[in-house]
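>>> Need a 3D model of the following:
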Amino acid sequence: MIRVASYNMRKAIGTDRRRNPERVIDVLCEIDAHVIALQEADRRFGERLSALPAHLLEEHSRYRPVPLPHRTGGIGWHGNAILVRDDVEITACEALHIPALEPRGAVLSEVRVGGDALRIVGMHLDLSGLWRRRQSRAILHRVDQGEPLPTVMMGDLNEWTAGGGCLRDFSHHFAFAPTGRSFHARRPVAALDRIMFRGLELADCGVHCSPMARKASDHLPIWADFASTG
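Numbers count the residues shown, from 1 in each chain. Down below sits the predicted model:
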């Protein structure tokens, strides 16, 4: 079984308004996914340092960040990062430039989980519906240019509608895992966070709503399990 997850960690600021990266790491360890896409993993201003320092990941978890070529003091690209567990091999990585009204991006990595080769895309789309659709089309264009691989795309799509906007664009090419509502962590009312896939068989999925997760960020993490083909 292959487990993936997506988590808008809100720069490690919890619902109690305290910045606590160790708490975020505890949530990641609870999920125990092979691959995790993070949003808001880096601070937005100044040197854009990571809100989840790599040394804490190394000391307190099995995870390491995918080494993106445009990374500076943070672990991501415009706050988007991909973490892999210590038993996952990274075979390729790329920071995706997408059209944006405000600083936004997406990240891509190809990994091997046991005998399975996968493409992973993490993203955090714009607040504007027009720009979200432009971003979704740019991401789909890039993915379709690559080698055919089972692919999982996930992140905070910022789409409040049930099936319109960028969701419609993505649905022409990918299936959605019905994970459920992930925002707001204290009282989830919207499925802003999504996991999309093709070339894989979905086994299970959901929202991780442990007591720790309800405090660590204003979003709850989402996860999906896929059957191994290797």
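
>>> So which bits of the helix-or-strand element of the chain with minimal mean pLDDT are buried?
Within the chain, no helix or strand scores below helix 54-60, which has a mean of 90 by mean pLDDT, DSSP states H and E. Using 16 or more other Cβ atoms under 10 Å as the test for burial, helix 54-60 gives Leu57. (C-beta placed from N, C-alpha, C; glycine too.)

>>> how about that helix as CSV, C-alpha atoms only?
Output of helix 54-60 as CSV, limited to C-alpha atoms (Å, rounded to 0.1, in the frame of the first residue of the first chain):
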residue,chain,number,x,y,z
ALA,A,54,15.1,20.5,8.1
HIS,A,55,17.1,19.7,11.3
LEU,A,56,13.9,19.2,13.2
LEU,A,57,12.5,16.9,10.6
GLU,A,58,15.8,14.9,10.7
GLU,A,59,15.8,14.7,14.5
HIS,A,60,12.1,14.0,15.1
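
>>> and Arg64, what does it touch?
By Cβ atoms under 8 Å, 6 or more residues apart in numbering, the contact list for Arg64 reads Ala54, Leu57, Glu58, Leu83, Val84, Asp86.

>>> Assumed the fifth one was part of a strand.
Read it as Val84. Yes: Val84: assigned to a strand according to DSSP: H, G, I helix; E, B strand; the rest coil.

>>> Confirm for me that it is in contact with Tyr63.
Yes: applying Cβ atoms under 8 Å, one finds Val84 in contact with Tyr63, separated by 6.8 Å.

>>> In this protein, spot the helix with the most residues.
Scanning the chain for the longest helix, with DSSP state H as the assignment, gives helix 129-145.

>>> pLDDT averaged over that one - what is it?
For helix 129-145, the mean per-residue pLDDT is 94.

>>> contacts for the next helix or strand after it?
Downstream of helix 129-145, the next assigned helix or strand under DSSP states H and E is strand 151-156. Strand 151-156 has contacts (Cβ under 8 Å, 6+ apart) with 4-6, 8, 35, 37, 39, 80, 106, 118-125, 139, 143, 170, 174, 192-200, 219, 222, 224, 226.
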